[in-house]
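[1] Need a 3D model of the sequence below.
(2 chains)
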Amino acid sequence: MKRMIVIAGHYGSGKTELAVSLALEMAKSPRREYERLAVVDLDVANPYFRSRERMDLLEANGVKLYADVYHSTGATAELPALTAALRAPLEDEGCQTIIDLGGNDAGARVLRQFGKYFEGNDHELWAVVNFRRYETRDIDSSREHVEAIQQELQIPVTGLVNNTHLLRETTAEIIREGHEKAEVLSKEMSIPLLFTCYPAGIIAPEAIADIAPLRPLGLYMRPAYLDK
Amino acid sequence: MTTDKVLMKGNEAFAEAAIRGGARLYFGYPITPQSEVPEYMSRELPKHGGCFVQAESELGAINMAYGAGAAGGTVFISSSSPGIALMQEGMSFLCSAEVPLLAMNVSRGGPGIGGIQPGQADYFQVTRGGGNGDYRIPVFAPSSIQEAVDLLYEGTELAQYWRNPIMVLADGMIGQMMEPVLLPDFKPVPTPHEIAGLRDWACTGYDDRGGDQNRRVVKSLRMQPEKLEEHVEKLFRKYAQAEKELVRYETENLKGAEVVFVAFGTTARICREACEILAEEGIKAGLIRPISLWPFPNKAFDEIDFGTTKAVISAELSMGQMMTDVQIALNGRLPVYLAHRTGGMVPTSPEVAARAKAVLEGLK
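    Model prediction:
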């Protein structure tokens, strides 16, 4: 895995859940390549469900969270004028950095101002797809979303992540259907399918053992009362 | 209906439901936490032959909606708390002129410009109205995205049937969260000629009326007090009927409950979890969930088990705006307490459960 992982995708495709899960997994891994670990929350498109809401959890696990919050107040402005502090992990060669973008091409746009950090070969750009999201429910609409993000960022997408799910109503069949579509999309776009996610605690990995590689995702961002 | 459930963000689903319900005209101005609604409309409505206009302000938007509705259009607007406040004058005009409108308020913390996190402190604004004069607006408060979709889908017709604005109030959490939904089928959209017949009061122009030369007038000005009084009395006969027909609510576990929560929207979901926490501790708690906020579901309170229930708790993301209606509905039969957070803060279910325990303890 490269030093900087940029996670993009449609609104609600699961970018933040992936960023938080991945960071916590890396934090616990005995085979860490980099001394430091950071999540950069670049979501200025959406005011709710952002990785900064899990700052305490991440920092308790040794993951530094960078977000556009006013120093010490925790308040945020929904502006693409970002604090220079966000550049620290991008410039730190000893820091594995996960960059959590806002939704769609519009939400991804904010990365453009950091373009110079992505001119080299030190990063990966992942596009998360959920074929059960209404606006990316088939291969064509998903491809349009991935292409729009690529076009906006002027950085090639290096990998697709299949995160097809329906929250607590996810079934093995839903994941499998998504995986099949993701494989077609991967072939059509000549972008490797990196892995398929499944909601941990809802789907047992044995139920989808025919799919590889798999990665469990926690529901860290969703308060339990939303499922009442 | 979509055959499979799809995962949608509240705001996207609201916009899609309005389109599927037949709305083809949208006027609005972006404001968090509902900006995905105009964003979605600007992208999707033209694909259905509709028209999206980003107005210069919320005042512009509501008056465009007034004009388009008066001309027989099926209009949807949305905004969030301070934006809805700017629209209040227009709401009064629409009610007086009996112009249909489907309106959505994805509410946030106030007062003033407030914040962008979820709030329910618009209860007074939407149930009492901030505009002048005697008028009423039916308000429905969904607690899930599916319920919001179903209410908005029905709302286009309710607005036409009652010839009045219909408001759907979802707090910011319902607008921003994701949930699996089944989308209803697209309703057939009437042609201008059909609209001229169906909406026989609308200023459609003569061309679409097949030789009918009668003037149609949509207005809110009535200079003669006798005429204005007569008009207001007529409106209130309509509202009296709406009070009978539009009451909606759900109750859960009222039988044998020691304490009953009253909550709508996101707060109802938190109370549901609080009921489970209390049950684990041997305290039976029930829930009344008003879906229509006006008309308020007074009759739901007659279902309370008065033999066992000792207290009613109004749980709100406000300083207790709904509590007044709860007290009126109970009419002194039980003491009413408040469990609340405000300013965009959302209580946790253990906090709400602890409040219920403290209330019961205090009554011993």
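[2] pLDDT at residue 46, what is it?
    Went with chain A since none was named. According to the predicted model, the pLDDT of A:Asn46 comes to 75.
[3] look at chain B instead
    Per-residue pLDDT puts B:Pro46 at 97.
[4] what's it in contact with, if anything?
    B:Phe52 (C-beta atoms under 8 Å, 6 or more residues apart in numbering or on different chains). The C-beta positions use only the backbone N, C-alpha and C, and glycine is treated the same way.
[5] what does the one 5 residues further on give?
    Under the criterion of C-beta under 8 Å, 6+ apart, the contact list for B:Cys51 reads B:24-26, B:45.
[6] Centre-most residue in chain B?
    B:Val168 (2.4 Å; C-alpha atoms, centre = their mean).
[7] so that one sits in a strand?
    Yes - assessed with DSSP: H, G, I helix; E, B strand; the rest coil, B:Val168 lies in a strand.
[8] which residue sits closest to whatever residue of the stretch 101-250 of chain B ends up closest to chain A, ignoring its sequence neighbours?
    Ranked by C-beta to the nearest C-beta, the top residue of the stretch 101-250 of chain B for proximity to chain A is B:Gln176, at 3.8 Å. Among residues not flanking B:Gln176 along the chain, A:Tyr48 sits closest, at 3.8 Å (C-beta to C-beta, 6 or more residues apart in numbering or on different chains).
[9] Any idea how many residues pack against that neighbour?
    By the criterion of other C-beta atoms under 10 Å in any protein chain shown, A:Tyr48 has 19 neighbours.
[10] Find the residue closest to residue 167 in space, skipping its chain neighbours.
    I'll assume chain A. Leaving aside its sequence neighbours, A:Leu167 sits nearest to B:Pro180 (C-beta to C-beta, 6+ apart; 6.2 Å).
[11] Actually, chain B is the one I wanted.
    Closest to B:Met167 by C-beta to C-beta, 6+ apart is B:Val139, at 4.5 Å.
[12] Relative to B:Val247, how far out is that neighbour?
    12 Å (C-beta to C-beta, to the nearest Å).
[13] between the two, who's got more neighbours?
    B:Val139 (27 against 18).
[14] ok so, going back, my read: the residue nearest to the centre of chain B touches B:Ala103, true?
    Yes - under the criterion of C-beta atoms under 8 Å, B:Val168 makes contact with B:Ala103 at 7.3 Å.
[15] helices and strands around the lengthiest helix in chain A, which ones?
    In chain A, with assignment by DSSP state H, the single longest helix is helix A:172-189. The helices and strands touching helix A:172-189, judged by 3 or more C-beta pairs under 8 Å, 6 or more residues apart in numbering or on different chains; DSSP states H and E, are strand A:123-129, helix A:139-153, strand A:159-162, strand A:193-199.
[16] could you redo those as a markdown table and give each row mean neighbour count and mean pLDDT?
    Output for the helices and strands packed on helix A:172-189, formatted as a markdown table (neighbours: other C-beta atoms under 10 Å in any protein chain shown; pLDDT from 0 to 100):
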| stretch | mean neighbour count | mean pLDDT |
| --- | --- | --- |
| strand A:123-129 | 24 | 97 |
| helix A:139-153 | 18 | 96 |
| strand A:159-162 | 24 | 98 |
| strand A:193-199 | 21 | 97 |
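[17] who wins for neighbours among the contacts of B:Cys51?
    B:Tyr26 (29 neighbours).
[18] That residue sits in which helix or strand?
    B:Tyr26 is part of strand B:25-28 when elements are defined by DSSP states H and E.
[19] what's downstream of that strand, the next helix or strand?
    Next in sequence after strand B:25-28, counting helices and strands by DSSP H and E, comes helix B:36-44.
[20] got the buried residues for that next one?
    B:36-42, B:44 (16 or more other C-beta atoms under 10 Å in any protein chain shown).
[21] How far off centre is the helix or strand bottoming out on mean pLDDT in chain A?
    Within chain A, no helix or strand scores below helix A:104-108, which has a mean of 89 by mean pLDDT, DSSP states H and E. Centroid separation for helix A:104-108 versus its chain: 13 Å, with C-alpha atoms, centre = their mean, to the nearest Å.
[22] which residues are contacting it?
    So helix A:104-108 is contacted by A:8, A:10-11, A:43-46, A:101-102, A:145, A:148-149, A:151-153 (C-beta under 8 Å, 6+ apart).
[23] That one: which residues count as buried?
    A:104-105, A:107-108.
[24] ok, the residue of the stretch 101-250 of chain B closest to chain A - contacts?
    Taking C-beta under 8 Å, 6+ apart as the test, what B:Gln176 contacts is A:46-49, B:9-11, B:33, B:118.
[25] Do I have it right that the residue nearest to B:Gln176 meets B:Pro33?
    Yes - if you go by C-beta under 8 Å, A:Tyr48 and B:Pro33 touch, sitting 6.6 Å apart.
[26] my guess is A:Leu82 is in a helix, correct?
    No - in this structure, A:Leu82 is coil, not part of a helix, as judged by three-state DSSP.
[27] give the contact list for it.
    A:42, A:44, A:68, A:110, A:113.
[28] quick one: the fourth one and A:Leu18, what's the gap?
    What that stands for is A:Val110. 18 Å.
[29] In terms of helices and strands, where is B:Arg83?
    Careful, residue B:83 is Gly; it's not Arg. Assigned by DSSP H and E, B:Gly83 falls in helix B:81-86.
[30] ditto for A:Gln96
    Using DSSP H and E, A:Gln96 maps to strand A:95-101.
[31] could you give the angle of that strand to strand A:123-129?
    Orientation check (axes from the mean of the first three to the mean of the last three C-alpha atoms, to 10 degrees): strand A:95-101 against strand A:123-129 gives 40 degrees.
[32] Near chain B, list only the ones from the contacts of helix A:104-108.
    A:11, A:46 (C-beta under 8 Å from any C-beta of the partner chain).
[33] low pLDDT regions in the chain?
    Just so you know, I chose chain A. A:70-80 (pLDDT under 70).
[34] That was the other one, I meant chain B.
    For chain B (pLDDT under 70), the answer is B:1-2.
[35] for chain A, what are the nearby residues on it?
    B:4-9, B:12-13, B:16, B:32-33, B:36, B:116-117, B:172-173, B:176-180, B:183, B:266, B:269-270, B:272-273, B:276, B:346, B:349.
[36] Just the buried residues of those.
    B:5-9, B:12-13, B:16, B:32-33, B:36, B:116-117, B:172-173, B:176-180, B:183, B:266, B:269-270, B:272-273, B:346, B:349.
[37] List the contacts of whatever residue of the stretch 201-350 of chain B ends up closest to chain A.
    In the stretch 201-350 of chain B, the residue found nearest to chain A is B:Arg272; the distance is 4.0 Å by C-beta to the nearest C-beta. By C-beta under 8 Å, 6+ apart, the residues touching B:Arg272 are A:225, A:228, B:252, B:287.
[38] make it 7 Å
    B:Arg272 sits next to A:228, B:287 when contact means C-beta atoms under 7 Å, 6 or more residues apart in numbering or on different chains.
[39] can you tell me how far it sits from B:Gln176?
    In terms of C-beta to C-beta, B:Arg272 sits 19 Å off from B:Gln176.
[40] what do you get for B:Leu7?
    14 Å.
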